[in-house]
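Novice: for reference, the sequence and a predicted model appear below.
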Amino acid sequence: MLGREDAGPRFVDRFPHSQGSRRYCWLGPVSFEVRCSGSLAALTTTDCVVSKCQVFDYLTKAGPEEEDKARRRDSISEIERYARELGAVLAHKGEVSAYAGAGFQRIISSALRALEVDEGLVIDISCLTKIHTVMLASVLAGLDRKDSVMLAYTLPENFLHMAGESVFFEGWDDIIVAPISDTEDARLGNESEARGVIITGHEGHRLSVALNEIEAASYRIITGVIPERPDFERVTRRHNREVYRSLVASPQAEAKVDFRAAGEVFEFVRAEILRAEQSSAPVYLYPFGTKSVVLAAALACSVLYPLRSWFVYPIPSSYDVRYTEGTWKTHWLPGESVKAMLARNP
């Protein structure tokens, strides 16, 4: 599975030159993570024309509080600097709840409506919450111009919590169980045959809470790996050792996938959806890994099984601002790849 280059749409390591003739609007959140401006920095090294930059801020509690404020100020300063270098107009879209859909969907929908015929939208998913990453998939599934959106994902140099639990973790405010698609027709169906798709990451404690809240009859674990950073995978396996031990009953229960291979992730989730369809059962997505993998899995659910796909996500009381360090590489999912994935009907 790992390393296949012919597995369809995938994130690429360099800005796609075929997209360079189109003007772009860039959209992303301001974060205490330095990498929130990573894709903008990468765009300054290309011949891409960026006409607008739109940013929004999350209403989240993070600690240490003063460091959080300082980091966010530094992040917006960097975004402003890159916007000036690109000659782009910078617009602040205000604050949105990190876990409610209305504000986020309004910002995305507004940006899409404002696009001119020759413009595309670059959405930076690096510092989106996982819930908004899942919600974005639902928005993309309903696009009319399915090649108008390019996705950017920037890896950090390091995850600073890799040695253990954050000292700023204060517990859980809530656990969200909700349909992936924005539809009032969502149904659970035959819960006794539910299929679970687990995207593993470094937050094993959060996954355990989610599994205790909602159980599936069977599971498929998707482990997104970064070939150049085997240490990241080792941390994922260490933080989720009990899940791997109890749920991986056979080699087929786990799919180990390059984090760039969006099309491959899509097909693994399709296989679980086909099994669920046979008994009108729901698919539960546990989205705790790399956002490029989470996005591809949620796209499959939104496109192929919108009425019975759900996600499970515990909401933490606070965040540690030292969650990541630095900016490493930006990867891009081109508009034509987004279009190809959205066209993958059953």
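Specialist: Right, received. Where do you want to start?

Novice: from here on, just use CA atoms for contacts and neighbour counts.
Specialist: Fine.

Novice: number of nearby residues for the closest residue to Ile107 other than its chain neighbours?
Specialist: Leaving aside its chain neighbours, Ile107 sits nearest to Lys93 (7.3 Å; criterion: CA to CA, 6 or more residues apart in numbering). Residues lying near Lys93 (other CA atoms under 10 Å) number 14.

Novice: partners of whichever strand or helix holds Lys93, with directions?
Specialist: Assigned by DSSP states H and E, Lys93 belongs to strand 89-97. Strand 89-97 has the following strand partners under DSSP bridges: strand 49-59 (parallel).

Novice: go ahead and flag the most central residue of this structure.
Specialist: Nearest to the geometric centre of the chain sits Lys291, at 3.0 Å (CA atoms, centre = their mean).

Novice: that residue reaches Ile125, doesn't it?
Specialist: Yes - between Lys291 and Ile125 there is a contact under CA atoms under 8 Å: 7.0 Å.

Novice: what is in contact with those two at once?
Specialist: In terms of CA atoms under 8 Å, 6 or more residues apart in numbering, Lys291 and Ile125 are both contacted by the residues 133, 153.

Novice: correct me, but Tyr153 touches Ser292?
Specialist: Yes - using CA under 8 Å, Tyr153 is in contact with Ser292, at 6.9 Å.

Novice: any shared contact partners between these two?
Specialist: Ile125.

Novice: if I pick Leu151, what's in contact with it?
Specialist: Applying CA under 8 Å, 6+ apart, we find Leu151 in contact with 122-125, 332-335.

Novice: re the thing from before, do you know how far the residue nearest to the centre of the chain is from Ala70?
Specialist: 25 Å (CA to CA, to the nearest Å).

Novice: which positions in the longest helix anywhere in the chain come out as buried?
Specialist: The single longest helix within the chain, with elements called by DSSP state H, is helix 65-86. Under the neighbour-count criterion of 16 or more other CA atoms under 10 Å, helix 65-86 has 68-69, 71-72, 74-76, 78-80, 82-83, 86 buried.

Novice: now render the residues you listed as a markdown table, adding distance to Val283 and pLDDT.
Specialist: As requested, those are exported to a markdown table (distance: CA to CA, whole Å; pLDDT from 0 to 100):
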| residue | distance to Val283 | pLDDT |
| --- | --- | --- |
| Asp68 | 36 | 83 |
| Lys69 | 39 | 88 |
| Arg71 | 38 | 91 |
| Arg72 | 37 | 89 |
| Asp74 | 40 | 95 |
| Ser75 | 37 | 95 |
| Ile76 | 38 | 95 |
| Glu78 | 40 | 97 |
| Ile79 | 38 | 97 |
| Glu80 | 41 | 97 |
| Tyr82 | 41 | 97 |
| Ala83 | 41 | 97 |
| Leu86 | 43 | 96 |
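
Novice: let me know the closest of those to Leu304.
Specialist: Nearest to Leu304 among these: Ile79, at 36.4 Å, using CA to CA.

Novice: apart from its chain neighbours, what residue comes closest to that closest one?
Specialist: Counting by CA to CA, 6+ apart, Ser37 is the residue found nearest to Ile79 once chain neighbours are left out, at 5.8 Å.

Novice: can you check the pLDDT for that neighbour?
Specialist: According to the prediction, Ser37 has pLDDT 97.

Novice: does it touch Ser77 like I think?
Specialist: No - Ser37 is beyond contact range of Ser77, at 9.8 Å (criterion: CA under 8 Å).

Novice: ok, back up a step: mind giving me a markdown table with the contacts of Leu151 and columns for secondary structure?
Specialist: Listed next are these as a markdown table, based on DSSP: H, G, I helix; E, B strand; the rest coil:
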| residue | secondary structure |
| --- | --- |
| Val122 | strand |
| Ile123 | strand |
| Asp124 | strand |
| Ile125 | coil |
| Trp332 | strand |
| Leu333 | strand |
| Pro334 | coil |
| Gly335 | helix |
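
Novice: report the contact partners of Trp310.
Specialist: Trp310 touches 177-180, 282-285, counting by CA under 8 Å, 6+ apart.

Novice: hmm, I was thinking of Val55
Specialist: So Val55 contacts 27-30, 90-94 (CA under 8 Å, 6+ apart).

Novice: buried ones among those residues?
Specialist: Neighbour-count burial (16+ other CA under 10 Å) applied to those gives 27-30, 90.

Novice: list of residues touching the lowest-mean-pLDDT helix or strand in the chain?
Specialist: Counting by mean pLDDT, DSSP states H and E, the chain has its least confident helix or strand at strand 62-63, which shows a mean of 74. Strand 62-63 has contacts (CA under 8 Å, 6+ apart) with 68, 168, 318-321.
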